[in-house]
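K.L.:
Curious how this folds, go ahead:
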Amino acid sequence: MTRGDVMGGLLAFSVPSLIGNLLHQVYSLTDSIVVGRILGMEALAAVGCTMPLILLLAALMIGTNIGVGVLLSQAFGAHDMDRMRRGFLNSLYVGAGISLVLAVIGAPLSRPILELMGTPEVTLQNAVAYLRINFLTSLCPMLYYLFSCAFRGMGDSRTDLYCLIVSVAMNVVLDIVFVAVFRWGVAGSAWATALAQLTSAVFAAILLFKKYPVMRPSKMDMRPDRKLIGIIGRLSVPIAAQSAFNNIGNLVAQGAVNGFGAVAMAAYTAAGRVGAFALMPLETLGNTLSIYAGQNYGAGRMDRLQEGRRVTLRLQLILSTALGLVLAILGKPVTRLFIADASDELLRISYQYLLITAVPGFLAGLMLTFQQLLRGTGDTAASMRGGVIQLLSKVAVIALGAQVFRSLPVVWLAWPVSFSAAAAYLCWYMKKKSVLSAQ
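P.N.:
Residues are numbered from 1 along each chain as shown. Here you go, the predicted model:
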C-alpha cells in the first residue's frame, strides 16, 4: 500500500476484508436466526440482552488487536520483519493474559451484571448461560483476532478471508446441530461459536507459518519482550478503551430498551443485526485506511495520507447512500428472517430503528475515517478522546429518550448524534494539529 494507485490499493484490500467482515456477521445472524426461529422470541430476547456485553468483550479483544495491527503494519512498511514477528508473539502473551482475566472474573459475575441491567426474569436464565459461556471461552475469539491481525498487517486480507470461511461454515453447522438436534438451547449456540473460532485459529496458525516462514519463531523470539509489550499496551489500551466506550453506550441502550418490554427487546436484537450488516462496508473501509496509514507512516510516505483520506471519504459517501436506500426498501422483509410470525408492532419498531440509526450511515463513515487514520499513524489517544465524546453524547440522548420522553425513536437518535459529535471533534483535532502534514 506504499506505492501505486491509492483507490486501487484500498479497494484491493477492502473487498476480501469486506467479504470477511460480512461473513463474520454471520456468527450473530446465525445465532439469532437459529435461536429465534427454533427456540422462539423469548430465547432471542435472552441472546439480545447479552449482546452489548458480548460486543463489549469483542471490543476489548478487537481493540487490543487493532493496536497490535498498528505495530505490525508499521513494522511491515519499514521492512522490519524481526520486529513484526516478535511483536506478534508478544501479542499472543498479552491476549492470553486478558482472556484468563475475563474468564476468571466474568463467569461468576454474569448473573449480577444481567440483573443490574434490568434483564426480565423470563429471559434471565438463558441470558446468564449464554453470557457465562462467552466469558469462559474468550480465548477462542482472542486467538482468531490475533491471527487475523497478523495477516492484515502484512496486507494479506485474502488468507484472513479463507480462515473466516472455515469458521463461519463450522459455526452454521454446529449451531444447527447443538440447538436444533441436540436441543442444548441458547447455550448450544454459544458453544458453537466458540468452537468455530478455535477451529479457525488453528487453521490460521498453520497457514501463517507455512505461507510466511519469516513468522516462524526461534527460541530467542519466544522470550517475552517487555519493551514490545509496553508498546503494544500504549497502542492498544486507548483503542480498546474507545471500543469499550462505544459498546458501553450500547450496553446503556440495551438497558433502556429492556424497559420497553420483550417485543422492543426482540425488535432491537433483530434490527441491530441488520444494521450491523449495513454499516459493515463503512467499517471495513475505515479499517483498511488504518492499515494503509500504518504502512505509509512506517515507510515515511506522509504524502500519501491526504489522498488516502480523500479517497476513503468519497467511497464512504457512495456506499452509505446505496446502503441507506436498500435499508429503506427492504428493512421490514429482512427483519422477518429472524422471527417466525413477527408481529406488526415488532416490525414497526425494528424498521424505525433502521431508518434512524443506519440509513444516515455516512455520519458513521465520516467518524470511522478520521478515527482509523489517526490510529494508523499511532495517535491512538486522540482517537480515544473521540470515543469518549461519542459515548457521552450517546448516553445523554438515550437518557432523554428513556427517562424524559419515554420514546424509542428518541433513543434511536443517540446513534446519529454520537457519530456526528465524534466526527466533529476528530475533524477539528486533525486540522488544529496538522496531523497529515508532511514530516
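K.L.:
And the residue nearest the centre of the chain, how far from residue 248?
P.N.:
The centroid of the chain falls nearest to residue 59 when counting by CA atoms, centre = their mean (6.0 Å). Distance, residue 59 to residue 248, by CB to CB, to the nearest Å: 9 Å. The way it works is simple: take the backbone N, C-alpha and C, and place the C-beta from them, glycine included.
K.L.:
Please give me every residue in contact with the nearest residue to residue 381 once chain neighbours are set aside.
P.N.:
Using CB to CB, 6 or more residues apart in numbering and skipping the chain neighbours, the partner closest in space to residue 381 is residue 238 (5.3 Å). Contact analysis of residue 238 by CB atoms under 8 Å, 6 or more residues apart in numbering lists 67, 380-381, 383-384.
K.L.:
let's go with 6 Å and repeat that
P.N.:
380-381, 384 (CB atoms under 6 Å, 6 or more residues apart in numbering).
K.L.:
same deal with residue 335?
P.N.:
Neighbouring residues of residue 335 by CB under 6 Å, 6+ apart: 270, 347, 350.
K.L.:
Let's have these in CSV, adding pLDDT.
P.N.:
CSV is the format used below for the contacts of residue 335 (pLDDT from 0 to 100):
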residue, pLDDT
270, 81
347, 87
350, 89
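K.L.:
Now, those that are in helices?
P.N.:
270, 347, 350 (DSSP state H).
K.L.:
need those in TSV with distance to residue 35 and neighbour count, can you?
P.N.:
Shown next, in TSV, are the ones in helices among the contacts of residue 335 (distance: CB to CB, whole Å; neighbours: other CB atoms under 10 Å):
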residue	distance to residue 35	neighbour count
270	11	30
347	19	19
350	16	30
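K.L.:
Between those, which sits nearest residue 173?
P.N.:
residue 270 (22.8 Å; CB to CB).
K.L.:
So the closest one is in contact with residue 350, correct?
P.N.:
Yes. The pair residue 270 / residue 350 is scored as a contact, 5.4 Å apart, by CB atoms under 6 Å.
K.L.:
residues contacting the spatially closest residue to residue 398 that is not a sequence neighbour?
P.N.:
Once flanking residues are discounted, residue 398 sits nearest to residue 414: 4.7 Å by CB to CB, 6+ apart. Contacts for residue 414 (CB under 6 Å, 6+ apart) come out as 394, 397-398.
K.L.:
List the buried residues for the helix or strand containing residue 109?
P.N.:
Taking DSSP states H and E as the definition, residue 109 sits inside helix 81-116. For helix 81-116, burial by neighbour count (16 or more other CB atoms under 10 Å) applies to 83-92, 94-95, 98-99, 102-103, 106-107, 110-111, 113-114.
K.L.:
chain center to whichever helix or strand the residue nearest to residue 381 is part of, what's the gap?
P.N.:
Counting by DSSP H and E, the element that carries residue 238 is helix 226-258. Counting by CA atoms, centre = their mean, to the nearest Å, helix 226-258 is centred 11 Å from the centre of its parent chain.
K.L.:
Could you check which helix or strand contains the residue nearest to the centre of the chain?
P.N.:
Judged by DSSP H and E, residue 59 forms part of helix 41-77.
K.L.:
hang on, residue 55 packs against residue 249?
P.N.:
No. Using CB under 6 Å, residue 55 makes no contact with residue 249, being 10.4 Å away.
K.L.:
Low-confidence bits of the stretch 201-350 of the chain, can you list those?
P.N.:
338-340 (pLDDT under 70).
K.L.:
Helices of that one, start to end?
P.N.:
Remark: helices assigned in the stretch 201-350 of the chain by DSSP state H, counting those that start in this stretch are 226-258, 262-298, 303-335, 344-357.
K.L.:
Out of those helices, which is closest to residue 19?
P.N.:
Nearest of those (CB to CB): helix 262-298, 9.1 Å.
K.L.:
Against which helices or strands is that closest one packed?
P.N.:
Other helices and strands packing on helix 262-298, by 3 or more CB pairs under 6 Å, 6 or more residues apart in numbering; DSSP states H and E, are helix 6-34, helix 41-77, helix 226-258, helix 303-335, helix 344-357, helix 362-376.
K.L.:
Looking at residue 151 now. What's its pLDDT?
P.N.:
pLDDT for residue 151: 86.
K.L.:
Make 733 the first number, not 1, from now on.
P.N.:
With 733 as the first residue, the last one maps to residue 883.
K.L.:
tell me, how many neighbours does the closest residue to it other than its chain neighbours end up with?
P.N.:
Distance criterion CB to CB, 6+ apart; nearest residue to residue 883, sequence neighbours excluded, is residue 892 at 4.2 Å. When neighbours are counted by other CB atoms under 10 Å, residue 892 registers 24.
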